[in-house]
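Participant: Below are the sequence and a predicted model; questions follow.
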Amino acid sequence: MKIIVQKYGGSSVADSNKIKNVARRIIKSKKKGYGVVVVVSAMGDTTDKLLDMAYKINPHPSERELDMLLSTGEQVSISLLAMAIEALNEPVISLTGGQVGILTDDIHNKARILKVDSKRINKELQQGKIVIVAGFQGINNNNDITTLGRGGSDTTAVALAVALQAEKCEIYTDVEGVYTADPRIVPEAKMLSEISYDEMLEMANLGAKVLHPRSVELAKNYGVNLIVRSSFSSNPGTVVKGEIQLENIMRISGVTCDKKIAKVAVLEVPDKPGIACHVFSELASANINVDMIIQSIRREKVNDISFTVSEDDLDKTVKIMENTAKKLGAMGVEFDKNVAKVSIVGAGMASKAEFAKTMFQALAEENINIQMISTSEIKISCLVSQTEADRAVRSIHKKFKLNGFEIEEKEVG
Ligand code: ASP
Ligand code: MG
């Protein structure tokens, strides 16, 4: 049997009419002869509401109990979607992550999938049923519920596509596909018909919310045929794949912006071997991901070490760093939440200087100060003040002519 995995995001199942619409789309795919496995997110902003509720009751809830709570959002949407399909007289069954056998590690709130047992799903598919699976969740070896991190339903979908050897994995959302920039910030942003796994991975890591980064990583590792498209139209969307057409290679794919980051600086750390190792190993053992890193020389024998972390990890990071600073005899720790990372991503950045020049020029013309810079083979990121981030994105998008045509500046008056 040909299998298709479809994932519907929270906005696609936000109310009962949308759930019914999704049910009809699913049945259409089944009628095309597919065994259909569907992953759904929690309805609308359910996950945010659950989090709000949790923090009102306890500002520091345990990660285990958070997972217990957050996983309920998806349980609501799978059952309602299954009911909508039942109402259309199609055989269907909804399953939680645990019931499917999505085994994860023990890291609550950002668990990684270790294994997917495809037996149960295959059995249900053999019986002609549409299978609806709760996204974003699994169970650990202890049978405790875990979640995969915000946006993790995409990763559930791709993991199922791998385990079931699906023909394709379609990620349904409320936009038409992957754009050159967030259309809410840059209205003239263009939809990309295709993008490489590597570029998509960078864009997702750098703040493009359309796909969970780990879903792209998985898709790349297993060569999953991954498509991002709208649940409200029949347009083909964006194909994420290994190789893209020659003409599309020598260009920037997009501009991204991540506002949910914070800058942390450890001030006046002694300048000697092993210090950086010490600073970052403490963070690594707390499962905190560190991004841009700068070590700057203050005066003889002391350095400032600055880096960025996700805003969610800021409290933990500052606590750890204050301890570390004391141990190392550093001056202290500073942090700033009012920062954003603006990046350009493109496979064709071999001649980096040219791209960097254009990007920095776009920022200079807007009088936007660059606080940190980092680069890789396929991206350049600049840390700027958060209040200037949208303007930075628009300016860069325009400078690289990513909308495909030059915008005429009309003089007024
Ligand atoms: N419901 C979860 C979230 O809002 C997971 C997801 O939507 O992918 O992050
Ligand atoms: Mg998402």
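Facilitator: Structure received. Ligands and ions are numbered 1, 2, ... in the order given.

Participant: give the contact list for the closest residue to residue 253 other than its chain neighbours.
Facilitator: Leaving aside its chain neighbours, residue 253 sits nearest to residue 199 (4.6 Å; criterion: C-beta to C-beta, 6 or more residues apart in numbering). (C-beta placed from N, C-alpha, C; glycine too.) By C-beta atoms under 8 Å, 6 or more residues apart in numbering, the contact set of residue 199 is 253, 254, 345, 346, 347, 378.

Participant: Check this structure for its longest strand and report it.
Facilitator: Counting by DSSP state E, the longest strand found in the chain is strand 254-270.

Participant: Give me the helices and strands touching that strand, please.
Facilitator: helix 197-205, helix 275-285, strand 302-310, helix 314-328, strand 332-345, helix 389-399 (3 or more C-beta pairs under 8 Å, 6 or more residues apart in numbering; DSSP states H and E).

Participant: Name the strands paired with the helix or strand bottoming out on mean pLDDT in the chain and say parallel or antiparallel.
Facilitator: Averaged element by element with mean pLDDT, DSSP states H and E, the chain has its least confident helix or strand at strand 290-299 (a mean of 83). Strand partners for strand 290-299, identified by DSSP bridges, are recorded as strand 302-310 (antiparallel).

Participant: Put the alpha carbons of the strand it pairs with into CSV.
Facilitator: Only the C-alpha atoms of strand 302-310 are listed here, as CSV (Å, rounded to 0.1, in the frame of the first residue of the first chain):
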residue,chain,number,x,y,z
VAL,A,302,40.7,39.2,30.6
ASN,A,303,38.1,38.6,28.0
ASP,A,304,34.3,39.1,27.7
ILE,A,305,32.6,36.0,26.4
SER,A,306,29.1,36.7,24.9
PHE,A,307,26.7,34.3,23.3
THR,A,308,23.1,34.0,22.5
VAL,A,309,20.5,31.4,23.8
SER,A,310,16.8,30.9,23.3
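
Participant: can you list contacts of it?
Facilitator: When contacts are defined by C-beta under 8 Å, 6+ apart, strand 302-310 is touched by residues 260-271, 275-276, 279, 283, 288-298, 317, 331, 339, 341, 372, 383.

Participant: how about 7 Å then?
Facilitator: Residues from elsewhere that reach strand 302-310 (C-beta atoms under 7 Å, 6 or more residues apart in numbering): 260-271, 276, 279, 288-298, 317, 341, 372, 383.

Participant: isn't residue 385 right up against residue 341?
Facilitator: No - judged on C-beta atoms under 7 Å, residue 385 makes no contact with residue 341 at a distance of 11.3 Å.

Participant: Those two: which is more packed in?
Facilitator: residue 341 (25 against 15; other C-beta atoms under 10 Å).

Participant: what's the closest non-adjacent residue to that one?
Facilitator: Nearest residue to residue 341 in three dimensions, chain neighbours excluded: residue 258, at 4.6 Å (C-beta to C-beta, 6+ apart).
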